[in-house]
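J.: all I have is the shape, not the residue letters:
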């Protein structure tokens, strides 16, 4: 893994960017469904211009975090701050929180308290776009139409809330041409330009994944949330996806992604947050996360203080993490991170932990 | 019977069809045995069906109660009962032999041919629409010229069909485009009709002034309905809209002082032609233009009003489809959650769909009031809602042309069944075909839905094209929450 070696050097200083200039801060987020605590007092930052990966075993609460961030769930407790413009802007954020406002924007700066905003405003005002774990395209509409629907809000204004559009005013026609141009731009980026007039449901699986990303990008997001974008992709498609995500980051959109494919995560992420049972167990760059014994324990089901002495499990570690962990379970653990009470042993379960609610 | 159902069901499902085809290809090896086995099975199946028909029909057909001195008199009709059993037996046997268990079923590929019709003749839909439009334009003169004796009846029927076309197009916005199953559409028809009738009664407002007001009021009630159902999906949405339709009707029925209750409202003014009444008077339409007065003129005028209103509905719908709001409606039908993730305010989008659909219902309602001259809550029962919805579903959800065809077939067809006088020659003078028209109508609907389950016109036309316009097959298009 060449990229790992490259990442090593700036790992300490520059990679703390998510603390200096976070675009999104999740603060003390708790989500309960009845008696079930899906997320417990979770805090993390997403750096502006970073690709941040949210990983964890099945049922760790990753998608719940996504749903809270994008407004599909209202969190039980906690604050989710989305920022436009640089800096932490803590004063403005606190002022809005106290004032009972939902968001405030002045000049290039803006603070949006996502837990107070309805889902469609999170997309249209706070500029957070998302994709879904199970693809949600408008299957009966063409690829181009899918991308035009994504530009709905701008087009509605241009069409004079449909009154101007009914009479075919030039203003709307101009806006639609611009919208088609933007759609074409993203279709070319995602290699879907030849399928532009086909119904979305007709596309192969990998193309549908790319179309969903293109559709999200057509909303001009500041932050793009990808829920398992590489699920079900073959290695070639997966590699293309990496390039696409990097392209999106390099063009000024921060990316938050959930992913199970460690190849993707380790290669493209600037910052990784690891969840297990709704609690953060690790937070840092790829290098520090992959050697973190808690992470290894969570993924492989090794009991915390145990050595990995079974050769098959060790192989799994190497396979999953990408290289041999120096001293898998013997590293001295940071005492502060021991807060999360671990349920009983998970030894004996294989690398994939299933069936957890 | 159970085996028969399985066989008939499997012939429609692709998996079953494939299995059947395999079975057929292996059949020739033992043709004789298979054929006799088939016949025996067919006979057994037909016998079971006949037995069931006998059990079910025993009370309904076999026995008849008549009023007799001192109470009811029960009378057996064994002839009719046995005839019905025989009809079921022969019919079932024929179906088994020629369709379900035949090597080459009659009607094989018929569905495929029907489906292929649209693609086989490119632009068929476009040409059909043009021909129908031109015909609709000259329709009154066509009938006055070629059917001078019965022109009034035909034009009246054309007005009725056109009203349903307009209602179908209005409901199509809600059900076909936005995918919200509305079982109470007749409520807006009623609001439109009563708005005009009451405005005319209390404020002496004419048709043309009342028309936009009726549309606005209906749109307002559309929003009132829209709010409580915003969070509902599927079956629940259908139930609430159904209840809403009934509430409106029951209020109209019971608010005696205001709406006249079951007595309805009569003496609703006729529409004028730029202030000219279409009557025999000296300042009427005929006198003004110096032509001879003919009562048919009023019918022709009514026809052109509803034609213009329907055309307006169609043009606005076609236009809105290509605007962001129309695309948002269709996106809502496809996937509401994805809509929300793209920043579309689904509440407003649903409300506009309800309001605009209701507005056209209101227009049609006030036209209905002025055409009839008398309205009562009886005209706005659930059956009307069901009829309009059936037109939309039969025509193909979201298809404007399909709705026209479905309206002509359904409304025109029901009326045409009144003219089946020749059947009395077959079944004797006591036979009244009008009594059977709903039965025939229901049967026709079942057959159409079996052959074309997604309606008559099943392709969707994209609203934006980059290079080449490709029509989208119905199997890709979602049907919305209510289905």
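T.: Perfect, I can see it now. Computed from a predicted model, the values in this text were never measured in an experiment. Numbering: from 1, shown residues only, chains lettered A, B, ... in the order given.
J.: which parts of the stretch 1-150 of chain A sit against chain B?
T.: A:70-72, A:119-125, A:129-130, A:132, A:136-142, A:144-145, A:148-150 (CB under 8 Å from any CB of the partner chain). C-betas here are computed from N, CA, C, even on glycine.
J.: out of those, which are inside strands?
T.: Among the residues of the stretch 1-150 of chain A next to chain B, the members found in strands (DSSP state E) are A:129, A:130.
J.: out of the residues of the stretch 1-150 of chain A next to chain B, which end up buried?
T.: A:70-72, A:119-125, A:129-130, A:132, A:136-142, A:144-145, A:148-150 (16 or more other CB atoms under 10 Å in any protein chain shown).
J.: where does pLDDT dip in chain B?
T.: For chain B, applying pLDDT under 70 flags the ranges B:1-37, B:102-123, B:419-434, B:437, B:480-483.
J.: hmm, back to that, helices - which of the residues of the stretch 1-150 of chain A next to chain B land there?
T.: Within the residues of the stretch 1-150 of chain A next to chain B, residues falling in helices by DSSP state H are A:119, A:120, A:121, A:122, A:123, A:124, A:144, A:145, A:148, A:149, A:150.
J.: would you turn those into TSV with pLDDT?
T.: Listed next are those as TSV, based on pLDDT from 0 to 100:
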residue	pLDDT
A:119	85
A:120	86
A:121	86
A:122	86
A:123	85
A:124	85
A:144	92
A:145	91
A:148	91
A:149	92
A:150	91
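J.: for residue A:186, state which of the residues you listed is nearest.
T.: Nearest to residue A:186 among these is residue A:150, at 9.2 Å by CB to CB.
J.: chain neighbours aside, what residue packs nearest to the closest one?
T.: Leaving aside its chain neighbours, residue A:150 sits nearest to residue A:218 (3.8 Å; criterion: CB to CB, 6 or more residues apart in numbering or on different chains).
J.: go on, residue A:247?
T.: Nearest-residue entry for residue A:247: residue A:189, 6.9 Å, with adjacent residues in sequence omitted and distances by CB to CB, 6+ apart.
J.: quick check: that neighbour touching residue A:245?
T.: No: the pair residue A:189 and residue A:245 does not pass the contact test of CB atoms under 8 Å, sitting 11.4 Å apart.
J.: who's more crowded, those two?
T.: More crowded of residue A:189 and residue A:245, by other CB atoms under 10 Å in any protein chain shown: residue A:245, with 24 against 18.
J.: hmm, residue A:217 and that one touching each other?
T.: No: proximity of residue A:245 to residue A:217 does not meet the contact threshold set by CB under 8 Å, at 10.8 Å.
J.: just the strands in the chain please.
T.: The chain I'm using is chain A. Ranges of strands in chain A, per DSSP E, are A:22-33, A:36-47, A:51-55, A:77-84, A:103-106, A:109-113, A:128-130, A:223-227, A:254-258, A:271-276, A:279-284.
J.: please refer instead to chain B.
T.: Secondary structure of chain B (DSSP E): strands located at B:63-68, B:71-76, B:265-266, B:374-375.
J.: show me how the record splits chain B into domains.
T.: What automatic domain parsing lists as the domains of chain B is B:2-108, B:115-451.
J.: got JSON lines for the ones you listed, with mean neighbour count and distance to chain A too?
T.: Shown next, in JSON lines, are the domains of chain B (neighbours: other CB atoms under 10 Å in any protein chain shown; distance: least, CB to the nearest CB, whole Å):
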{"stretch": "domain B:2-108", "mean neighbour count": "14", "distance to chain A": "18"}
{"stretch": "domain B:115-451", "mean neighbour count": "19", "distance to chain A": "3"}
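J.: could those domains go into a markdown table alongside distance to residue A:25?
T.: Listed next are those as a markdown table, based on distance: least, CB to CB, whole Å:
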| stretch | distance to residue A:25 |
| --- | --- |
| domain B:2-108 | 52 |
| domain B:115-451 | 21 |
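J.: quick one: which of the ones you listed is nearest residue A:36?
T.: Nearest to residue A:36, of all those, is domain B:115-451, at 22.0 Å by CB to CB.
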